[in-house]
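[1] A structural model of the following input is requested.
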Amino acid sequence: MRELEISCPTCGSVKNIKIPKELFTQKKSGCIKVQVPFGAVCSDHQFVVFFDQNGLIRGYEKLDIIMTTPLKERKKKI
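    Here you go, the predicted structure:
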């Protein structure tokens, strides 16, 4: 695992998160995109972080809308 310091693009909270090293070695080109869920860095925001193959942060993207499946529908699919 690789530990990287991430900051929330909305509120600025900072926390280290662990990302599998294989993600960086297997990616041949383009950015590595990681969805950061609520509670991983801060309790109020969810966002996407873009890394290069060296683990350098190339950008953040705030989510405009977060879609969820109602619990009843999830149980039907199981």
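
[2] show me where this protein has strands.
    2-7, 14-19, 32-36, 47-51, 57-62 (DSSP state E).

[3] now, of those strands, which is deepest in the fold?
    When those are scored by mean count of other Cβ atoms under 10 Å, the highest mean neighbour count falls to strand 47-51 (a mean of 19). The C-beta positions use only the backbone N, C-alpha and C, and glycine is treated the same way.

[4] about what we covered before: mean pLDDT added to the strands of the chain, as TSV?
    Formatted as TSV, those follow (pLDDT from 0 to 100):
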stretch	mean pLDDT
strand 2-7	95
strand 14-19	95
strand 32-36	94
strand 47-51	96
strand 57-62	96
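
[5] export those strands as TSV, with columns for distance to residue 26.
    Formatted as TSV, those follow (distance: least, Cβ to Cβ, whole Å):
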stretch	distance to residue 26
strand 2-7	13
strand 14-19	12
strand 32-36	9
strand 47-51	13
strand 57-62	18
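
[6] so which of these is nearest residue 69?
    strand 32-36 (16.0 Å; Cβ to Cβ).

[7] does residue 61 touch residue 45 like I think?
    No - applying Cβ atoms under 8 Å, one finds residue 61 not in contact with residue 45, separated by 11.7 Å.

[8] overlap in contacts of those two?
    Common neighbours of residue 61 and residue 45, counting by Cβ atoms under 8 Å, 6 or more residues apart in numbering, are residue 9.

[9] what's the closest of the strands of the chain to residue 68?
    Nearest of these to residue 68, taken as Cβ to Cβ: strand 32-36 at 13.7 Å.

[10] between that closest one and strand 14-19, how big is the angle?
    Put simply, strand 32-36 runs at 120 degrees to strand 14-19, going by axes from the mean of the first three to the mean of the last three Cα atoms, to 10 degrees.

[11] which other helices and strands does strand 32-36 contact?
    strand 47-51 (3 or more Cβ pairs under 8 Å, 6 or more residues apart in numbering; DSSP states H and E).

[12] please redo it, this time with the cut-off set to 10 Å
    Packing partners of strand 32-36 (3 or more Cβ pairs under 10 Å, 6 or more residues apart in numbering; DSSP states H and E): strand 2-7, strand 14-19, helix 21-26, strand 47-51, strand 57-62.
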